[in-house]
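Colleague: Kindly generate the corresponding structure for this input.
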Amino acid sequence: MLTLKMRTAALGLAAAVAASLAGAQAAGADVGGGVTCDVQPRPDECTVVVIVVTDGGGNGGGGRMRCWLNGDEVPCYDPDFGWLHRDGCRYKRKAEQDPPPAAGPRPGAWYSRNCAFAGGGMGNSQVWFADSDAPGAGPLSATALAALRPPAPTVRINPGPPAVPIVHVPTWLWVDAVTWQPSRATASTGGASITATATPVSVTWLPGDGSRLVCAGPGLAWSGGDPLGSSACSHTYTRASAALPGGTFPLQATVTWDVTWAGAGMSGTAGTVTTTTTVPLVVAEVQGLNVGGAR
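Modeller: Presented below is the predicted three-dimensional model:
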């Protein structure tokens, strides 16, 4: 008889790997009673699958997935048979898709399921998976998403240093182009990769005087070529900052990023994230002085 092995699904810690593999190699007697593992098809309880994903240190990628099957490290992805899944079988997205099932989650796809039987032989079938739960895609996309580090916005204003904004004069607001571009992170295993992308879409400005301004896009950068130009992303202060703590307004810019992922023939959305920068802003008031006499 083969030893009964408790199936382990998608564990995420290295300590769990060691513990699971130690249990997987304890052969010699049935455990738990009533389960025989030298039959076909092999019971699910006789398969140990450990999947570990590391983040590669963040900052744009390097995430890696490693897989073990019954105590042996194996490729997570096989070009011929596809991804190792938690049931010990491999799944490959079909090139030619049949119509989706009536009640199947969307978006998704059909996969060829290939399972090795004890003592040799293969069994195959067709299974529908949602893209978000597809074999391989779930751990890889989660790792890529966790590694995303979109930058905090670099705030620009006009008038800018050494000049300061003036009460009742529009102050132009924008985010520097260096921090207004897609940010990406990739997780890979074997020949397959999934890349998560954060794309900036809007900026919410809190000028610090109780008002709020939302700009679709980074805002228009001041070029200095048109002194009478205007920007839809600007704010006019109605009082100076001299009486405030520190003598400044806390100008805050929050960028909203749309997050998506794609790779290995799949894609999906993952909501939004935000990054924020706050800078102290001096706003001055210019007093008019009438020095002319009556004529």
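Colleague: secondary structure class for G138?
Modeller: Classification of G138 using DSSP: H, G, I helix; E, B strand; the rest coil returns helix.
Colleague: Could you report the separation of it from W180?
Modeller: 31 Å (CB to CB, to the nearest Å). Where you see a C-beta, it was placed from the backbone N, CA and C, and this is true even at glycine.
Colleague: Could you do D209 as well?
Modeller: Distance from D209 to W180, by CB to CB: 25 Å.
Colleague: For the host helix or strand of T272, name the packing helices and strands.
Modeller: Assessed by DSSP states H and E, T272 sits inside strand 266-281. In terms of contacts (3 or more CB pairs under 8 Å, 6 or more residues apart in numbering; DSSP states H and E), strand 266-281 is packed against helix 137-147, strand 155-158, strand 192-206, strand 249-263.
Colleague: which of the ones you listed is buried the deepest?
Modeller: helix 137-147 (a mean of 24; mean count of other CB atoms under 10 Å).
Colleague: pretty sure T143 contacts T186?
Modeller: No. At 9.2 Å, T143 does not count as touching T186 under the criterion of CB atoms under 8 Å.
Colleague: Which residues are in contact with T260?
Modeller: 196-197, 199, 267-270 (CB atoms under 8 Å, 6 or more residues apart in numbering).
Colleague: I meant to write T204 there.
Modeller: T204 neighbours (CB under 8 Å, 6+ apart): 212-215, 253-254, 256.
Colleague: That one and H235, how far apart?
Modeller: Using CB to CB, T204 is found at 12 Å from H235.
Colleague: Can you pull the residues that touch both of those two?
Modeller: L213.
Colleague: for the stretch 51-200 of the chain, which spans come out with low pLDDT?
Modeller: Counting by pLDDT under 70, the stretch 51-200 of the chain shows low-confidence ranges at 53-64, 117-123, 190-191.
Colleague: Name the nearest residue to S241, sequence neighbours excluded.
Modeller: Counting by CB to CB, 6 or more residues apart in numbering, S241 lies nearest to V283, which is 4.4 Å off, once chain neighbours are set aside.
Colleague: Endpoint to endpoint, stretch 139-153 covers what distance?
Modeller: 30 Å (CA to CA, to the nearest Å).
Colleague: any idea how far L173 lies from C89?
Modeller: 55 Å.
Colleague: What's the separation between P280 and N114?
Modeller: As for P280, its distance to N114 is 62 Å (criterion: CB to CB).
Colleague: So the two - more neighbours on which side?
Modeller: Neighbour comparison, P280 and N114: the larger count goes to N114, with 17 against 14 (by other CB atoms under 10 Å).
Colleague: Report the beta-bridge partner residues of that one.
Modeller: R90, N124 (DSSP bridges).
Colleague: can I assume it is in contact with K92?
Modeller: Yes. Using CB under 8 Å, N114 is in contact with K92, at 7.5 Å.
Colleague: So for those two, which residues contact both of them?
Modeller: Common neighbours of N114 and K92 (CB under 8 Å, 6+ apart) are 81-82.
Colleague: excluding its backbone neighbours, what's nearest the spatially most central residue of the chain?
Modeller: Centroid check for the chain by CA atoms, centre = their mean gives L145 as the closest residue, at 2.4 Å. Nearest-residue entry for L145: A196, 4.6 Å, with adjacent residues in sequence omitted and distances by CB to CB, 6+ apart.
Colleague: who's in contact with the one you found?
Modeller: 141, 144-145, 147-148, 184-186, 259-261, 270.
Colleague: For it, give the beta-bridge partners.
Modeller: Per DSSP bridges, the residues bridged to A196 are A185, W261.
Colleague: returning to that earlier point: can you tell me which of the contacts of A196 comes closest to P79?
Modeller: Comparing the contacts of A196 against P79 with CB to CB picks out T186 as the nearest, at 19.0 Å.
Colleague: What distance do you get for the closest one to P150?
Modeller: 15 Å.
Colleague: swap in S231?
Modeller: For S231 relative to P150 (CB to CB), the value is 24 Å.
Colleague: Between the two, tell me which one has more neighbours.
Modeller: The residue with more neighbours, out of S231 and P150, is P150; 21 against 17, by other CB under 10 Å.
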